[in-house]
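A.B. asks: pasting a predicted model and its sequence here:
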Amino acid sequence: MYFRNIACSVLRERGGLMLHGSAMVHNNLGYVFVGPPGAGKSTIRKLFSDYTCLGDDTAIVRRVRGGYYVFGSPFYQKTNIAYSNMKIPLYGIYVLRQAAITKLISLSYAENVSRVLANTFVSTADSLSDERTKTISLVMHMIDVVPVFMLDFAKTRPSLESVVFHTT
């Protein structure tokens with residue numbers, strides 16, 4: 001817990017965030033799937049076990065020269081394995097919601113900010129107003145650059161491949 005708090009603070013000072021999400025790589029692009037416990041982050045990782053996973057429960061995102069990248073997470077989570085030390089351009093953030101039919105839903109800017117903030121790890125120092133303001137500012141800027149969608153998803157690989165990864 002202490003390491004996560006320190007990492008949150010250091011990352012924020014360098015234009016980055018830790019999201020409560022899984023991070024996958026497909027065709028050299030990063031996809032981050034966020035949501036509360038039970039939303040399906042690990043399910044997506046398991047469905048796409050042949051894709052490179054950069055984090056099962058913690059996604060590291062950082063702004064580099066105007067673009068956003070997802071990095072391999074240093075946190076060993078549910079898989080108990082080390083993740084690849086990679087820097088991959090972030091293609092999109094997907095807020096997970098389990099459903100009978102897989103589809104992407106566009107949300108308003110305010111909803112995107114709210115949902116991404118709800119899935120952003122913060123350090124205990126973030127209760128201070130300056131740190132909280134900086135976290136909100138980072139999320140808002142990221143959403144200006146990186147598309148965010150609500151992803152209603154059925155737990156099937158083919159539906160996710162066609163809707164998210166565009167492979168079918």
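C.D. replies: Alright, I've got the coordinates.
A.B. asks: host element of Ser42?
C.D. replies: Ser42 belongs to helix 41-47 when elements are defined using DSSP states H and E.
A.B. asks: just the CA coordinates for that helix, please, in CSV.
C.D. replies: The C-alpha trace of helix 41-47 is given here as CSV (Å, rounded to 0.1, in the frame of the first residue of the first chain):
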residue,chain,number,x,y,z
LYS,A,41,-11.2,-6.6,-16.0
SER,A,42,-9.8,-10.0,-15.3
THR,A,43,-12.4,-11.7,-17.5
ILE,A,44,-11.2,-9.7,-20.5
ARG,A,45,-7.5,-10.5,-19.7
LYS,A,46,-8.5,-14.2,-19.6
LEU,A,47,-10.5,-14.0,-22.9
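A.B. asks: what lies in contact with it?
C.D. replies: If you take C-beta atoms under 8 Å, 6 or more residues apart in numbering as the criterion, helix 41-47 is touched by 20-22, 24, 33-35, 53, 56-57, 78-79, 96, 153, 155-157, 160. To be clear about C-beta, it is placed using only N, CA and C from the backbone, and glycine gets the same treatment.
A.B. asks: so which of those residues are in helices?
C.D. replies: If you go by DSSP state H, these have Arg157, Leu160 in helices.
A.B. asks: out of the contacts of helix 41-47, which end up buried?
C.D. replies: 20-22, 24, 33-35, 53, 56-57, 79, 96, 153, 157, 160 (16 or more other C-beta atoms under 10 Å).
A.B. asks: bridging residues for the residue nearest in space to the middle of the chain?
C.D. replies: Geometric centre of the chain, nearest residue: Val32, 3.5 Å, by C-alpha atoms, centre = their mean. Judged by DSSP bridges, the bridge partners of Val32 are Ala23, Ile93.
A.B. asks: hmm, Met18 and it touching each other?
C.D. replies: No: with contact defined as C-beta atoms under 8 Å, Val32 and Met18 do not form a contacting pair (10.9 Å).
A.B. asks: count of neighbours near the closest residue to Arg14 other than its chain neighbours?
C.D. replies: Nearest residue to Arg14 in three dimensions, chain neighbours excluded: Arg62, at 6.5 Å (C-beta to C-beta, 6 or more residues apart in numbering). When neighbours are defined as other C-beta atoms under 10 Å, Arg62 has 20 of them.
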